[in-house]
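Visitor: Following is a predicted model, sequence given first.
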Amino acid sequence: MARLLDVTCAGSIVWLIGMGCVTVVAQPASAQAIPRPPSPASRDRELTARPVKVLNSIPIVEFRFRSLRGSMAKWFLTLRSAFRAIRFADTLSHSSSLSRISLPYKRAVLAGAMALPILGAAYLWFLVDPQRTFYSALFHEGVTALTVLAAAVLAAAAYRNYHRSGDPFLRHVCLGFLGFIFVYTPHGLLTRLADHHATAFLMFGPAARLVLSIYLLIAVLHFYDLPDEPALRSKRFQWWPHLLSFTLLDLLLYSLTMSPTGLSLGNVTIAESLALTGTGIAVAVTVSQRIRASLMSFHLFALLLFVQACAAFLLGRPWSHLWWFAHFIGAAGVCVLGYAMVRVFETTNSFHTAYDEGELFEKLRARSQELEAANRQLTAFSDRISQSLTERRQAEEALKQAHEKLTGWVDELEERHREITLMSEMGNLLQSCISAREASTVIAESAKKLFPGDSGGLYMLNATQNLLEMDASWGQAPLGAAVFEANECWALRRGRAHQVEDLSSGLVCAHVSTPISFGCFCVPMMAQGQALGVFHLRLGAPLQTQADGPGKPKLNLAQTIAEQIALALANLNLRETLRHQSTRDPLTGLFNRRYMEASLERELCQAERTQDPLGLIMLDIDHFKRVNDTYSHEAGDTLLRALGTFLQSQVRGGDIACRYGGEEFTLILPAASAEATAERAEHVREAVTRLKVQYRDEPLGAVTFSLGIAVYPEHGTTPEALMRTADLALYRAKALGRNRVVVGEVAADPTHLP
């Protein structure tokens, strides 16, 4: 409450100082008497005419520094008196004998602070000549920009608080000030139109205050709603409709004021009346809700300032001192509410639970009393301990035991850290492996470090034969069979780890060699619900008995390693499958055309470096369309699969057999001369005639090839040249009657296509 009174008094006096400065600076030197305010009829006539005088027509202004200095000194004394009154009220509140006086005194000070803007408006209405104006478009634009900036900061603070707490009250406050910014900004942008189109200039001010009052009223009505869910806070759809409606309101107001029916300043009076009514309703609803929140008094205070600002706008004519004073009252309301938003941001991000310094002081004083009581109890307890040597010895013994236990925990944590480091290193190495053989070597070396003194093996499952084969091993102890059936391991049968401490305490897997001195583990390696193998570990020392069972930490480590190995092997298998699918033809099992083109370019580079020849054979099945038309396309696929197997059996270790496309195939023969390539082609042509292919127990007839040959460097030095030469030779073989080998013609320029 004291903080609230400080802000109230200081803010009100600063507003009066600002308005006093404007009044004194803009007052003409020749003014001797203050005339009475004009009648309502004459005021209406003045409003319909040009609302202001041009700045150049204002008489020369005399700066009354002495009068201004005297006024500022009086206001400074008033401010100091207000602060002294607040401190006196705080002193009274801490005195139990004067507690009944302090509360009415604080309320009286608060009421007096609230009355200062009203008194200032009354002074300007009754005692200042309404004809006396201060016209400055630049100053008005600056005031509008500062007000919009303050509203933007307040909207940002409200949005940040809402995003963290989900308070619906803060969401509507943020929307209210966003609407105020959208609607009030044209008021400043249209300042230069005040001389020509006063309605367009003045209409946006009351409209902005009406929008703000409506949203502040909605915020109070939603004060007790539950916080919004985090997913809803970050969604933008709940903001865009409001922003679009604000923009449409700007366009509607501008269109209305620019229409013939909107030229009358009476529309501005109606809008100001609506803004005053809406703000008054918001004040009444806020008071009727009786919301018990620490910062709600700031909210109510700001609403009351908005009511006074609306009333001052309604009474004052444009560019008069009362009209300017209304701007400062509204800006003060924005500042008061902005202070509340900052307090919310600094505390709990929710208007429900935010607190001020007074509450903190009370809580601190209560906690200090509790700490003092606890300190007295602790002192008494220390005295009793110092008097009892027995209790002291017991405490020392307990401390010693705790130290030993802590030392054990530290050792265990260091061991866990070492294991985690080794497992992380093993995982990084497994990710870098490109074959299962490399992975097995990494696993064996890592297992030696993770299980020092123990022996073990890695068994991989051969799914086609349902056998497990030892892929890696470590340690000195014999492990048992290198190959065994899957049902011989209890771990694979049960689908979980199997532990044997000794022969008398458990079932020993059939593949484990006996005797077992200190026990063993079998952990299945599973990935995506499929068994990949078994991680077998034979202990080289007795298991330590621990609270969760003997050998439990080591078994957990083995299970973790088995899971990591299974995942790495599954990734390797997946990469191998993808590599095979990307380079192999799915029908024939031969390499595909893309692999053939890459291999041909690679082998040509190798041949160029080593100065070796390179043979290329292109093969085409004779009358393949006849097979499809006679038997069916499925029979043609059967023939292609058989020829794929046949060609794989006819190539050497370094040769590359590929399916070029359709019924065409390609053989790449590294280090093969023209004679050797021709001999190999003739051998393939003769061998394929002996191939017997059946489709649904029916022979498909004899199969023949037409073959074209190209050799590096005689027929070309580029892949394109070799392929073109071999292809032309293949066409000549077809033209000469099929089932024959044709060698390509030597090109004049081997680097170009023939």
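Guide: Cool, got the structure. Just so it is clear, the structure is predicted and the values come from calculations on it, not from any experiment.

Visitor: so Glu608, which of the three states?
Guide: helix (DSSP: H, G, I helix; E, B strand; the rest coil).

Visitor: tell me the contacts of it?
Guide: Residues near Glu608 by CB atoms under 8 Å, 6 or more residues apart in numbering: Thr717. (Each C-beta comes from the backbone N, C-alpha and C, glycine too.)

Visitor: Okay, it and Thr717: tell me how far apart.
Guide: 8 Å (CB to CB, to the nearest Å).

Visitor: Can you pull the residues that touch both of those two?
Guide: What both Glu608 and Thr717 touch, as defined by CB under 8 Å, 6+ apart, is an empty set.

Visitor: Compute the number of surrounding residues for Gln476.
Guide: Gln476 has 9 neighbouring residues, counting by other CB atoms under 10 Å.

Visitor: can you check the one 10 residues further on too?
Guide: Applying the criterion other CB under 10 Å, we find 19 residues in the vicinity of Ala486.

Visitor: these two touch, right, it and Glu469?
Guide: No - using CB atoms under 8 Å, Ala486 is not in contact with Glu469; the gap is 11.1 Å.

Visitor: what's the domain layout of this protein?
Guide: Following automatic domain parsing, one finds the domains of the chain at 1-27+62-128, 134-355, 364-408, 416-577, 584-743.

Visitor: Spell out, range by range, the helices that occur in the stretch 501-650 of the chain.
Guide: With helices called from DSSP state H, counting those that start in this stretch, the stretch 501-650 of the chain shows them at 552-583, 593-610, 624-630, 633-650.

Visitor: Kindly report the same for the stretch 651-754 of the chain.
Guide: 674-689, 719-735.

Visitor: List the buried residues in the last one.
Guide: Buried positions in helix 719-735, judged by neighbour count with 16 or more other CB atoms under 10 Å: 719, 721-730, 732-734.

Visitor: now that helix: how far from the chain's centre is it?
Guide: In terms of CA atoms, centre = their mean, to the nearest Å, the centre of helix 719-735 is found 58 Å from the chain centre.

Visitor: between that helix and helix 674-689, how many degrees?
Guide: With axes from the mean of the first three to the mean of the last three CA atoms, to 10 degrees applied, the angle from helix 719-735 to helix 674-689 works out at 50 degrees.

Visitor: For the residue nearest the centre of the chain, give me phi and psi.
Guide: In the chain, the residue lying closest to the centroid (CA atoms, centre = their mean) is Ser234, at 10.8 Å. With angles defined as degrees, to the nearest 10, Ser234 sits at phi -90, psi 0.

Visitor: hmm, back to that, pick out the most distant pair among the buried residues of helix 719-735.
Guide: The span of the buried residues of helix 719-735, defined through CB to CB, is set by Pro719 and Lys734 at 22.5 Å.

Visitor: And the helices in the stretch 251-400 of the chain?
Guide: So, for the stretch 251-400 of the chain - with DSSP H, counting those that start in this stretch - the helices run 266-289, 296-315, 321-346, 357-387, 389-432.

Visitor: Out of those helices, flag the one nearest Ser632.
Guide: Taking CB to CB as the criterion, helix 389-432 is the member of those that comes nearest to Ser632, at 47.1 Å.

Visitor: same question for the helix or strand just after that closest one, mean pLDDT?
Guide: The helix or strand immediately downstream of helix 389-432 is helix 436-450, counting by DSSP states H and E. Average pLDDT, helix 436-450: 82.

Visitor: same question, stretch 644-660
Guide: 88.

Visitor: Now do that stretch: distance to the chain's middle.
Guide: The answer for stretch 644-660 is 53 Å, by CA atoms, centre = their mean.

Visitor: what's the answer for stretch 173-191, then?
Guide: 31 Å.

Visitor: What of stretch 627-635?
Guide: That offset, for stretch 627-635, works out to 58 Å (CA atoms, centre = their mean).

Visitor: Please renumber the chain so that the first residue is 12 from this point on.
Guide: Yes, from this point I'll number from 12; that puts the last item at stretch 638-646.

Visitor: Which positions within it qualify as buried?
Guide: Buried, per 16+ other CB under 10 Å, within stretch 638-646: Val638, Tyr642, Ala646.
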